[in-house]
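A.B. asks: A structural model of the following input is requested.
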Amino acid sequence: MVKSILPGQTLRNRYKIIKPLGSGSFGVTYLAEDLDLPDHPLCVVKNLRQSQSQEELEAFINFFNKEAKALYRLGNEHSQIPRLFAHFEEGGEFYLVQEYIDGHDLSQEIFSGNKLSEAKVKQLLIEILEVLTIIHNKNIIHRDIKAQNLMRRNSDGKIVLIDFGSVKEISKLVGNPQELTNVSVVIGTSGYMPNEQLNGYPKLSSDIYAVGMLGIYALTGIRPQELPKNPNSFEIIWRDKASVSPFLANVLDKMVRSNFNERYQTAGEALQALTALSEPIRLTTPPASISPPSHFFAANQRFLIGTGIIVSLLFGMGLLFMTFSRQHTADVETCPETNVPSNPTTSPDFVDSKNNKYYGELKNRLYNGCGTLIYASGQKYQGRFKDSKFNGTGTFIFANGARYIGQFYNNKYEGIGKLIYNNNCQYVGEFKQGRFDGQGICISKDGSRESGIWHQGKFEGKNKTCCE
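C.D. replies: Predicted coordinates for the structure are as follows:
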């Protein structure tokens, strides 16, 4: 039983109650002001319920003191965990005084019927796991991670983890109530609490289960306790209820395994797996299939082509080869110029581990749509991507100034294109599998032309290539 505290009442001659913030079976939470400090800053007072027996009361006091000390240490070390200001007994009641977090809890973002995008869910999971890693590194289990215990702070938008196990209702004690080294109380919320925690033996991976269930809730819009389970394996059935990539789905599945040994064992492990999926398949070097003939780089480097010439060449190619047939149909959709900046000045949308920078559209953590990929080596691709591969119309610029303008398929020249060497020699025509193949024109550096049919990079019947 918890006695009600009236607004205006002062505890310890210091903490003046303003109003109740919420209530539960464990007690009542109040907004208060600290009269001992300048400007009377706000704080949170939690009044815990009394235990039903002397034995439970003694065990609870011991447990409460250990948890309060842990929370005090964590809050002082990490800004995304509330600081503990005081814990005391007054009038036979137990109190915690904590830092007030000005913000909203995640139940305003994650709720029944609301499906968040995969990108938002992934970012949210990363933010939660980053905070949880601090706790797990201290070998502390939170035991009650859910939307209501995660606050988004107004001042900076960061996630703050609140309501540690010491302030939750003790539903039962198991084993020796005096022995609290191995957590001997069952604390948690239905749907977020795995079997081992329900049985009174929570692990660090029990928190991982709760975070995973929160992620699934955000993706599906279905409350965890309402999700079906496989009757044979007891695993959660949820993938058919969400639009999610197999990569994130696999991570979430591992987070919520019924067997705690099959989950990520700590927040750090889960965070590492999740952030590893943040990097799309990267083209750290130009694919071998788009390299020009071997003599390409031996040519001199006097030739550079201006933007106006590029536009005219693309237009001319469209007119000249619009009737050509191709055995393989590539994505010929082009990108508006505004979608493919040649020299972006804004921050990149993605930077990979080799400092290659991507500006453009992303889908399922892959380059998809229009974009610009600038390699650390100085090479650059501008155009369309599909699943992080050059796919559609684009321009690949080599470090020495040479370039290919035209159509790509799976990182290869495929369709109609123009390969411009850096000595002003060029091939305009059909490509297949990254080679001159089909009808085309070779324009040498002195302006002479040779047109006809090309096969696997060579002029048919003459065993010669272009720009030798």
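A.B. asks: What's the mean pLDDT across the helix or strand hosting N47?
C.D. replies: Following DSSP states H and E, one finds N47 within strand 42-48. For strand 42-48, mean pLDDT rounds to 89.
A.B. asks: Okay, now the sheet partners of that strand, with direction.
C.D. replies: strand 27-34 (antiparallel), strand 93-99 (antiparallel) (DSSP bridges).
A.B. asks: for that strand, which positions count as buried?
C.D. replies: C43, V44, V45, K46, N47, L48 (16 or more other C-beta atoms under 10 Å). Yep, even glycine has a C-beta here, placed from its N, CA and C like the rest.
A.B. asks: Now that strand - C-alpha only, PDB.
C.D. replies: Output of strand 42-48 as PDB, limited to C-alpha atoms (Å, rounded to 0.1, in the frame of the first residue of the first chain):
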ATOM      1  CA  LEU A  42      12.500  20.200 -10.900                       C
ATOM      2  CA  CYS A  43      13.100  16.600  -9.900                       C
ATOM      3  CA  VAL A  44      11.200  13.300  -9.700                       C
ATOM      4  CA  VAL A  45      10.200  11.700  -6.500                       C
ATOM      5  CA  LYS A  46       9.200   8.000  -6.500                       C
ATOM      6  CA  ASN A  47       7.300   6.700  -3.600                       C
ATOM      7  CA  LEU A  48       7.700   2.900  -3.400                       C
END
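A.B. asks: hmm, who's touching it?
C.D. replies: Contact with strand 42-48 is made by 2-3, 5, 11, 15, 17-18, 21, 26-34, 64, 82, 85, 93-102, 167, as judged by C-beta atoms under 8 Å, 6 or more residues apart in numbering.
A.B. asks: Okay, now the unreliable bits of the chain?
C.D. replies: Under the criterion pLDDT under 70, the flagged ranges of the chain are 1-3, 24-27, 49-64, 66-67, 165-187, 276-345, 468.
A.B. asks: hang on, the earlier thing: switch the strands paired with strand 42-48 over to TSV; also include mean neighbour count.
C.D. replies: Below are these laid out as TSV (neighbours: other C-beta atoms under 10 Å):
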stretch	mean neighbour count
strand 27-34	21
strand 93-99	21
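A.B. asks: Tabulate these (CSV), appending distance to R435.
C.D. replies: Listed next are the strands paired with strand 42-48 as CSV, based on distance: least, C-beta to C-beta, whole Å:
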stretch, distance to R435
strand 27-34, 71
strand 93-99, 66
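A.B. asks: Can you say which of the ones you listed is nearest to K203?
C.D. replies: Closest of the strands paired with strand 42-48 to K203 is strand 93-99, at 25.1 Å (criterion: C-beta to C-beta).
A.B. asks: any idea how far that closest one is from the chain center?
C.D. replies: 35 Å (C-alpha atoms, centre = their mean, to the nearest Å).
A.B. asks: need the next SSE after that strand, C-terminal direction.
C.D. replies: Next in sequence after strand 93-99, counting helices and strands by DSSP H and E, comes strand 103-105.
A.B. asks: For that following strand, enumerate the helices and strands it packs against.
C.D. replies: For strand 103-105, the elements it packs on are strand 150-153, judged by 3 or more C-beta pairs under 8 Å, 6 or more residues apart in numbering; DSSP states H and E.
A.B. asks: Off-centre distance for the strand holding N47?
C.D. replies: 34 Å.
A.B. asks: Show me what L419 is bridged to.
C.D. replies: Beta-bridge partners, per DSSP bridges, of L419: Y404, Y427.
A.B. asks: Just confirm it contacts C425, I think it does.
C.D. replies: No: using C-beta atoms under 8 Å, L419 is not in contact with C425; the gap is 9.2 Å.
A.B. asks: And these two? Which one has more around it.
C.D. replies: L419 (26 against 21; other C-beta atoms under 10 Å).
A.B. asks: and that one, what does it touch?
C.D. replies: By C-beta under 8 Å, 6+ apart, the residues touching L419 are P292, A402, R403, Y404, Y413, Q426, Y427, F431, F436.
A.B. asks: For I441, which three-state class applies?
C.D. replies: For I441, the assignment made with DSSP: H, G, I helix; E, B strand; the rest coil gives strand.
A.B. asks: Now it: closest residue in space that isn't a chain neighbour?
C.D. replies: Of all residues not flanking I441 in the chain, S451 sits nearest, at 4.3 Å (C-beta to C-beta, 6 or more residues apart in numbering).
A.B. asks: Backbone dihedrals for the one you found, both of them.
C.D. replies: Phi and psi for S451, reported as degrees, to the nearest 10, are phi -110, psi 160.
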